[in-house]
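A.B. asks: Return atomic coordinates for the entry below.
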Amino acid sequence: MRPHVVNTYLFSNVWHKASSINLLCCDLDKIQSEGNDYVFADCYLRPEKSVNYINKQAGGLEINHVRSKALSLFIKNLLAETFTNIYLDAVVRKYCKDEDVYPLPVKPYYLDQRLISTIKLVLDSVQQFSTKNIYGLLMKNELDIKEDFQMRIENVYDHFSLHSVLQFTSSKIISLPVRSHMWKLIHRIQFTEIEEAKVKLKNPTCKSCGAENIERVHLYFQCERVSDIGNNFLRVLKVFDPQYSPEDIMNFKGKEEHPQLFWFIANTLFYIDRNRKRCNSNLYRAFMRSEYETLRLSRFADYDMKTSVNIMVELLEDFEEVYSEST
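C.D. replies: A predicted model of the protein is given here:
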């Protein structure tokens, strides 16, 4: 997913035009659709609409909502112009503030009832007329985001923790492809046997081992193709928390005192999802070692983080050797 590219490059010409022209809603919606298609080019499913636009600190993608951003630019410039333009000052006072103005200013052709209502909302709700403040208000109003707003995933996972989710999707010690994958996994927009069964109104069946009525935990721990990896993965986690269960992992739970667990879980789930049909314990260990070497060069990981991750990778290798000798 590439929201930064969309916000920075694809929409730049829109913001330039929108600062002086009240663009048509149909055109803005078309532009929004093209941008969202680009962001989700590799996704079969899409998240709930509002999650595309809410900020990253709230668990969203922070894609610019084109309608709201374009209109906020136009309104901000219009209100700023009233300080130096007597005509526009009279227009806003008459048609947006409902003041008695004489002589009566000619109503501009672009000042339709929708724009008037929006400007009144801004005048009533925003103290400092910056693009950021106006955009935040218009975006929340357009998407009907209220103070009690909840994302769909908050009702999906047991004891949902936004902080834990952000550890997977925003932590810079995790590589960008893995973070992107985790975002899709958390928001349930990764297309697996579970989602396919919902579309076809059938019981989910594992395509690898043929097991029926499977749940998400089966894909990472119970399927015969991934069970060795899943079990050794879980053994490492239990070194840090003996009560850790597959269900906890599927609910994206982690402990703040062990931030290395988020790195370990994210990379393991990423590997299994990308290689489910050809999972191999040796390749898994090699992948984790390779990711650790990348982390070791990262300026975002401190000494303690690098040391603890290295211990986890070594534990994983040791458990695999013990398992191989026992079999």
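
A.B. asks: Which neighbouring elements make contact with whichever helix or strand L261 is part of?
C.D. replies: In the assignment (DSSP states H and E), L261 maps to helix 260-274. Helices and strands touching helix 260-274, by 3 or more CB pairs under 8 Å, 6 or more residues apart in numbering; DSSP states H and E, are helix 162-169, helix 176-186, helix 227-240, helix 281-296, helix 303-326. Yep, even glycine has a C-beta here, placed from its N, CA and C like the rest.

A.B. asks: Just send those back as JSON lines, with mean neighbour count, mean pLDDT and distance to N203 too.
C.D. replies: Formatted as JSON lines, the helices and strands packed on helix 260-274 follow (neighbours: other CB atoms under 10 Å; pLDDT from 0 to 100; distance: least, CB to CB, whole Å):
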{"stretch": "helix 162-169", "mean neighbour count": "18", "mean pLDDT": "90", "distance to N203": "29"}
{"stretch": "helix 176-186", "mean neighbour count": "19", "mean pLDDT": "92", "distance to N203": "22"}
{"stretch": "helix 227-240", "mean neighbour count": "19", "mean pLDDT": "89", "distance to N203": "21"}
{"stretch": "helix 281-296", "mean neighbour count": "16", "mean pLDDT": "93", "distance to N203": "29"}
{"stretch": "helix 303-326", "mean neighbour count": "15", "mean pLDDT": "79", "distance to N203": "32"}
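
A.B. asks: Can you list the buried residues in the helix holding L261?
C.D. replies: Residues of helix 260-274 classed as buried under the neighbour-count rule (16 or more other CB atoms under 10 Å) are 260-273.

A.B. asks: And the closest residue to L71 other than its chain neighbours, what's its pLDDT?
C.D. replies: Using CB to CB, 6 or more residues apart in numbering and skipping the chain neighbours, the partner closest in space to L71 is L138 (5.9 Å). As predicted, L138 sits at a pLDDT of 95.

A.B. asks: Please look at L138 and T118 and confirm they touch.
C.D. replies: Yes - L138 sits in contact with T118 when judged by CB atoms under 8 Å, with a separation of 6.9 Å.

A.B. asks: intersection of neighbour lists for those two?
C.D. replies: Residues within reach of L138 and of T118 at once, by CB atoms under 8 Å, 6 or more residues apart in numbering, are L71.

A.B. asks: Break this structure down into its structural domains.
C.D. replies: The record's domain split for the chain, according to automatic domain parsing, is 3-143, 162-326.

A.B. asks: possible to save these as CSV with distance to V156?
C.D. replies: Below are the domains of the chain laid out as CSV (distance: least, CB to CB, whole Å):
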stretch, distance to V156
domain 3-143, 11
domain 162-326, 7
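
A.B. asks: Minimum distance to E154: which of these has it?
C.D. replies: Closest approach to E154 among the domains of the chain (CB to CB): domain 162-326, 7.9 Å.

A.B. asks: where along the stretch 51-200 of the chain do the helices fall?
C.D. replies: Secondary structure of the stretch 51-200 of the chain (DSSP state H, counting those that start in this stretch): helices located at 66-81, 86-91, 113-125, 131-143, 162-169, 176-186, 193-200.

A.B. asks: L24: neighbour count?
C.D. replies: Using other CB atoms under 10 Å, L24 is surrounded by 10 other residues.

A.B. asks: separation between it and V217?
C.D. replies: 49 Å (CB to CB, to the nearest Å).

A.B. asks: Now do the closest residue to L261 other than its chain neighbours: how many residues are near it, please.
C.D. replies: The spatially closest residue to L261, leaving aside those adjacent along the chain, is G254, at 4.9 Å (CB to CB, 6+ apart). Counted with other CB under 10 Å, residues neighbouring G254 total 26.
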